[in-house]
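1. Please work out how this folds:
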Amino acid sequence: MSKAPPPKPTDSELEILHVLWQHGPATVRAINDHLGQRRQAEVGYTTTLKMLQLMLDKSLVRRDDADRSHVYRAAVREQETQSLLLDKFVDATFGGSALKLVMQALGSRSTSADELAQIRRLLNDIEIQNSTSNAPDDDHA
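-> Next up is the predicted model:
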């Protein structure tokens, strides 16, 4: 039996997850301080605590209560969360078309030569990967 994927995090939850992904396990105070630095504005400690409690209920974070101050860690991986959010975004915004997404992204902003070179390498890697995975087996030919 496979377990259900975690729910899509809200923007505020995603901001907390970014802190945990970048800095690793942390106390509520440390997370709150990082959020304040990211936003360049004070963030209420109790608000951060409440968000973490909600995220714990949703299985987005885990809590270690071994010490006096609770330490929170991300329970979801960054890449998996990005994939989940991107898939939902592409489906909802671009009708599931990766081509439309890429065309919009590249057409609406200036892209550096370095970024274009990286994109070309990525496309080449994908082509190679696809051609090797679609090649007929020698055993079955």
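2. Please pull out the lowest mean pLDDT helix or strand from the protein.
-> Ranked by mean pLDDT, DSSP states H and E, the weakest helix or strand in the chain is helix 98-107, scoring a mean of 87.
3. And for the helix or strand just after that one, what's in contact with it?
-> Sequence-wise, the next helix or strand downstream of helix 98-107 (DSSP states H and E) is helix 113-133. Outside of helix 113-133, the residues within contact range by Cβ atoms under 8 Å, 6 or more residues apart in numbering are Thr111. Backbone N, C-alpha and C define where each C-beta goes, glycine included.
4. which element is the residue most central in space within the chain on?
-> The residue lying closest to the centre of the chain (Cα atoms, centre = their mean) is Gln82, at 3.0 Å. For Gln82, the enclosing helix or strand under DSSP H and E is helix 78-94.
5. Check which helices and strands that helix sits against.
-> Packed against helix 78-94, as judged by 3 or more Cβ pairs under 8 Å, 6 or more residues apart in numbering; DSSP states H and E, are the following elements: helix 11-23, helix 98-107.
6. can you state the direction angle for it and helix 98-107?
-> Computed by axes from the mean of the first three to the mean of the last three Cα atoms, to 10 degrees, the angle separating helix 78-94 from helix 98-107 equals 90 degrees.
7. Helix 78-94 - what's its average pLDDT?
-> Taken as a whole, helix 78-94 carries a mean pLDDT of 91.
8. buried ones in it?
-> Thr81, Leu84 (16 or more other Cβ atoms under 10 Å).
9. Helix 11-23 and that one, what's the angle between them?
-> Angle of helix 78-94 versus helix 11-23, following the same axes, to 10 degrees, is 150 degrees.
10. just how off-centre is helix 78-94 within its chain?
-> Taking Cα atoms, centre = their mean, to the nearest Å, one finds the center of helix 78-94 at 9 Å from the center of the full chain.
11. Please write out the alpha-carbon positions of it in CSV.
-> Extracted in CSV, the C-alpha atoms of helix 78-94 (Å, rounded to 0.1, in the frame of the first residue of the first chain):
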residue,chain,number,x,y,z
GLU,A,78,12.7,19.9,-1.8
GLN,A,79,12.9,18.4,-5.2
GLU,A,80,9.7,16.3,-4.7
THR,A,81,7.8,19.3,-3.4
GLN,A,82,9.0,21.4,-6.4
SER,A,83,7.9,18.7,-8.8
LEU,A,84,4.5,18.4,-7.1
LEU,A,85,4.0,22.2,-7.2
LEU,A,86,5.3,22.5,-10.8
ASP,A,87,3.1,19.7,-12.0
LYS,A,88,0.0,21.3,-10.5
PHE,A,89,1.0,24.7,-11.9
VAL,A,90,1.6,23.4,-15.4
ASP,A,91,-1.7,21.5,-15.4
ALA,A,92,-3.7,24.4,-14.1
THR,A,93,-2.0,27.2,-16.0
PHE,A,94,-0.7,25.7,-19.2
